[in-house]
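S.K.: below: sequence and its predicted model.
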Amino acid sequence: MFTEESFQVFQVEGLEPRMTAIRSEIQPVFQKIGDTICPKLSETLESPFYLHIAQHRRRSVHPPENTWAAFSEGKRGYKMAPHFQVGIWPDYVFLWLSMIDQPKGQVAFAETLLNKPTLFEALPEDTVLNIDHTKDQILPATTENLTASLERLAKVKKAEFQIGRIIKKDAPLWQNSDQALAYMEATYKSLLPLYTALKKA
């Protein structure tokens, strides 16, 4: 599971040195999490899920400020549709249901969730939002923030929407890998009703 060394990766200077650290310290953790979460998603939704670990191949100079893996029904990619993510910034790990990079059906996705506000009522109290996957800004999942974020997703072509939970770097949860993994599983399970609604959009 993630350790202090995982978060320290982002202090490594230079693209290649940091990518080397990401491959050795973080990507094996993504693989372990994916090996647990993907089969559970596949079984629950009766559709195969695939693990996609970000490789950051388009970068030529600047080292990544965060990194992630996706769980998607798309075998060849994940950004074209709603998907689940686990990822890490220097200060926290995020667990998202994500719509990023202008997925097909973006407007329909936004309208579907706007028309089903009760789906959000059952989410954990510590649920949060992110509206730009390139920034580590976290918003509480209040009714006002949800409405504003989804309305923006419907109207702005480059808008994004991510919802889920985070685990801070200093959280006691990291002291027990089984508990941390159980928290992740519970987070994705809580997001399944939203994902199912989006699939029908």
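M.R.: Perfect, I can see it now.
S.K.: point out where the chain drops to low pLDDT.
M.R.: Along the chain, segments meeting pLDDT under 70 are nowhere present.
S.K.: what segments of it are strands?
M.R.: Counting by DSSP state E, one finds strands in the chain at the ranges 50-53, 67-72, 83-88, 92-99, 128-130, 139-140, 161-168.
S.K.: got those strands as JSON lines, with distance to residue 44 columns?
M.R.: Backbone N, C-alpha and C define where each C-beta goes, glycine included. Below are the strands of the chain laid out as JSON lines (distance: least, CB to CB, whole Å):
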{"stretch": "strand 50-53", "distance to residue 44": "15"}
{"stretch": "strand 67-72", "distance to residue 44": "12"}
{"stretch": "strand 83-88", "distance to residue 44": "12"}
{"stretch": "strand 92-99", "distance to residue 44": "14"}
{"stretch": "strand 128-130", "distance to residue 44": "23"}
{"stretch": "strand 139-140", "distance to residue 44": "27"}
{"stretch": "strand 161-168", "distance to residue 44": "17"}
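S.K.: can you put those in TSV and add mean neighbour count?
M.R.: What follows is these, written out as TSV (neighbours: other CB atoms under 10 Å):
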stretch	mean neighbour count
strand 50-53	18
strand 67-72	23
strand 83-88	24
strand 92-99	24
strand 128-130	21
strand 139-140	14
strand 161-168	22
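S.K.: who wins for proximity to residue 20 among those strands?
M.R.: Of all these, strand 67-72 sits nearest to residue 20, with 12.6 Å by CB to CB.
S.K.: figure out which of the strands of the chain is closest to residue 17.
M.R.: strand 67-72 (14.1 Å).
S.K.: that closest one pairs with which strands, parallel or anti?
M.R.: Applying DSSP bridges, strand 67-72 is found paired with strand 50-53 (antiparallel), strand 83-88 (antiparallel).
S.K.: spatially nearest residue to residue 196, not counting backbone neighbours?
M.R.: Counting by CB to CB, 6 or more residues apart in numbering, residue 196 lies nearest to residue 45, which is 7.4 Å off, once chain neighbours are set aside.
S.K.: leaving out the residues flanking it, which one is nearest to residue 65?
M.R.: Once flanking residues are discounted, residue 65 sits nearest to residue 10: 6.7 Å by CB to CB, 6+ apart.
S.K.: show me the contacts for the one you found.
M.R.: Contacts here follow CB atoms under 8 Å, 6 or more residues apart in numbering; on that basis residue 10 touches 18, 65, 66, 89, 90.
S.K.: what residues are up against the residue nearest to residue 196?
M.R.: Listed by CB under 8 Å, 6+ apart, the contact set of residue 45 reads 73, 192, 195, 196.
S.K.: correct me, but the third one touches residue 98?
M.R.: No - proximity of residue 195 to residue 98 does not meet the contact threshold set by CB atoms under 8 Å, at 10.2 Å.
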